[in-house]
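Chemist: what's the 3D shape of this:
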Amino acid sequence: MKLYRRENYLRKIRGFYHDTGIIKVITGVRRCGKSCLMQTIAEELIQSGIPEENIIYMNLDQRGFRSVKQPEQLEQFIDRRSSAPGIKYLFIDEVQNVSGFEDVLNGYREEDEYSIFITGSNSYLLSGELITKLTGRYLEFEMFPLNFEEYIGMKSFLGYQISPDITQELDNYIAEGGFPKTLQYPDLADKRTYVQGVIQEIFEKDIRRRVKIRNLSVFNTIQTYIINNFGATTSLSNLLNGLRSSGCVIRRETLNRYIQILLDAKILYRCDRFDMKSRRSLSGEQKYYLSDLGFYFASNTDNRINYGPVLENIVYTYARSKDYAVSVGRIGRLECDFILRDRQASYAYVQVAMTIMNSPDTEDREYAPLEKIRDNYPKYLLTRNDMIQKRNGIKHANIGLFMKDGNLFL
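Modeler: Numbering: from 1, shown residues only. Next up, the predicted model:
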């Protein structure tokens, strides 16, 4: 089967394809496309001239591999396929199914004949055990579900018609979410049923098997509450008060632990605040965004779109997929939606709004944080469907067009 190439991630990994000293760890929320990414890497290696017998591919969730549970079994399976000369390219999907896999991977890494790629349960792969045993010997490549650029690209790849109205396509993306498999279902109800299944799978495989949750109803209440309030500036104290007002009384430590579980499972992402004057992160208040908006719409019967947090969430995941570090910016009493930083420590500033056309006051309010920033890094105002204008060197762009074209902020 021909695979859609997720170029945003392939370009990050290509420089390490032949590195036998670094284990490539691909993480991301379940069903975001990690397995297909590994298959695409294997395809690229073969197309570049690597013999097929040098490719060792194992999906430990698939029939034929499920009996591989112990490290000795994993070693035997790999050794039987390692007779080819030269570098072997070892791909292991759902590697956490094998207890003690870290020592096995370390052994093959030290032989300097294996370029190793793995995926697996996020809550396990990012645990202290992996970090302790593989410190300095692995790189994490984080994936997200389809961003809007990829959503349009994959629809075209699959032969689906793309509307000439990019705003309509953006609204379709908001309603459907970015899990690649949802594109196979034409009915919106089926798409959301699929995402509900993903939520259940995450709980069963990534949460329940790895951590003890004493009160499931409280955990579900917290998960639902935070998902329903994504994009809102909040703190642990505010969350505790909000939950208490809805009849859920828990300890601060419990709330913090449950949030961390959702972060480890990649359902949520924490976006910290950053002070523009001191150039330091601020503790306390932050925002939580969803790895995919499907988590919100699949959990709610209300289909109305609150464009404020929805558009922020789309821009957040788009920026993360482009390898930017993302923070919420504070400039005195004003707030900039996002400060982006690339790997060269250059910055860009982004304000996101549904529209600035309602009134002059609305326009002034959205431009004010950007105009207060005095450095010369790029500044963007992204809106859903406004006429594009120019003001004080700030780049105004249509969100859908900006992302569809794969534009970078820096």
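Chemist: how many other residues sit next to residue 372?
Modeler: 13 (other C-beta atoms under 10 Å). Where C-beta positions appear, they are placed from N, C-alpha and C, glycine not excepted.
Chemist: Is it correct that residue 378 is in contact with residue 397?
Modeler: No: the pair residue 378 and residue 397 does not pass the contact test of C-beta atoms under 8 Å, sitting 11.1 Å apart.
Chemist: With residue 324 as the reference, measure out to residue 161.
Modeler: Taking C-beta to C-beta, to the nearest Å as the measure, residue 161 falls 32 Å from residue 324.
Chemist: same check, this time on residue 361
Modeler: Noted for residue 361: a distance of 30 Å to residue 324, by C-beta to C-beta.
Chemist: where in this structure is pLDDT low?
Modeler: Applying pLDDT under 70 to the chain flags the ranges 126-131.
Chemist: all strands for it, in order.
Modeler: Secondary structure of the chain (DSSP state E): strands at 23-27, 55-59, 88-93, 114-119, 138-142, 268-275, 280-290, 325-331, 334-341, 347-353, 379-383, 390-391, 394-398.
Chemist: Neighbour count: residue 161 and residue 324, which is higher?
Modeler: Neighbour count, other C-beta under 10 Å: between residue 161 and residue 324, residue 324 has more, with 23 against 7.
Chemist: Look up how far residue 193 lies from the nearest residue to the more buried one once chain neighbours are set aside.
Modeler: Distance criterion C-beta to C-beta, 6 or more residues apart in numbering; nearest residue to residue 324, sequence neighbours excluded, is residue 340 at 4.2 Å. Distance check for residue 340 against residue 193: by C-beta to C-beta, it reads 35 Å.
Chemist: which one of those two has more residues nearby?
Modeler: More crowded of residue 340 and residue 193, by other C-beta under 10 Å: residue 340, with 26 against 13.
Chemist: what's near enough to touch the more buried one?
Modeler: The contact partners of residue 340, by C-beta atoms under 8 Å, 6 or more residues apart in numbering, come to 319, 324, 325, 326, 347, 348, 349, 350, 409, 410.
Chemist: By neighbour count, which of the residues you listed wins?
Modeler: Neighbour counts for the contacts of residue 340 peak at residue 350, which has 25 neighbours (criterion: other C-beta under 10 Å).
Chemist: is it in a bridge, and if so with what?
Modeler: Note on residue 350: beta-bridge partners residue 338, residue 380, judged by DSSP bridges.
Chemist: if I read this right, it contacts residue 336, doesn't it?
Modeler: Yes: taking C-beta under 8 Å as the definition, residue 350 is a contact partner of residue 336 at 7.4 Å.
Chemist: residues touching the residue positioned nearest the centre of the chain, list them.
Modeler: Geometric centre of the chain, nearest residue: residue 144, 3.0 Å, by C-alpha atoms, centre = their mean. By C-beta under 8 Å, 6+ apart, the contact list for residue 144 reads 28, 29, 32, 178, 291, 292, 317, 320, 321.
Chemist: Now with 10 Å, please.
Modeler: The neighbours of residue 144, taking C-beta atoms under 10 Å, 6 or more residues apart in numbering as the test, are 6, 8-9, 28-29, 32-33, 150, 178, 266, 269, 291-292, 316-318, 320-321.
Chemist: How about residue 90?
Modeler: 20, 23, 54-58, 78, 81-82, 105, 108-109, 113-118.
Chemist: Which among these count as buried?
Modeler: Among those, those classed as buried by 16 or more other C-beta atoms under 10 Å are 20, 23, 54-58, 78, 82, 105, 108-109, 114-118.
Chemist: ok now do the residue nearest to residue 403 when sequence neighbours are not counted, which residues does it touch?
Modeler: Sequence neighbours aside, residue 148 is the residue nearest to residue 403 in space, at 4.1 Å (criterion: C-beta to C-beta, 6+ apart). For residue 148, the contacting residues are 166, 169-170, 173-174, 178, 314-315, 317-318, 321, 399-404, 406, by C-beta under 10 Å, 6+ apart.
Chemist: Quick one: the helices in the stretch 1-150 of the chain, in order.
Modeler: Secondary structure of the stretch 1-150 of the chain by DSSP state H, counting those that start in this stretch: the helices cover 7-13, 34-47, 71-80, 101-110, 122-125, 128-134, 148-157.
Chemist: counting contacts, what elements does the shortest one pack onto?
Modeler: Contact analysis of helix 122-125 by 3 or more C-beta pairs under 10 Å, 6 or more residues apart in numbering; DSSP states H and E lists strand 23-27, helix 128-134, strand 138-142, helix 252-264 as its packing neighbours.
Chemist: in its sheet, what does the first one sit against?
Modeler: Meaning strand 23-27. As defined by DSSP bridges, the strand partners of strand 23-27 come to strand 114-119 (parallel), strand 138-142 (parallel).
Chemist: With just CA atoms, put the first one into CSV.
Modeler: If I follow you right, that is strand 114-119. Extracted as CSV, the C-alpha positions of strand 114-119 are listed here (Å, rounded to 0.1, in the frame of the first residue of the first chain):
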residue,chain,number,x,y,z
TYR,A,114,22.3,-1.5,13.7
SER,A,115,20.4,1.7,13.1
ILE,A,116,17.5,1.4,15.5
PHE,A,117,14.0,3.0,15.2
ILE,A,118,11.3,2.4,17.8
THR,A,119,7.8,3.5,18.7
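Chemist: ok so, going back, which neighbours do residue 350 and residue 336 share?
Modeler: The contact lists of residue 350 and residue 336 share 329, 370, 379, where a contact means C-beta under 10 Å, 6+ apart.
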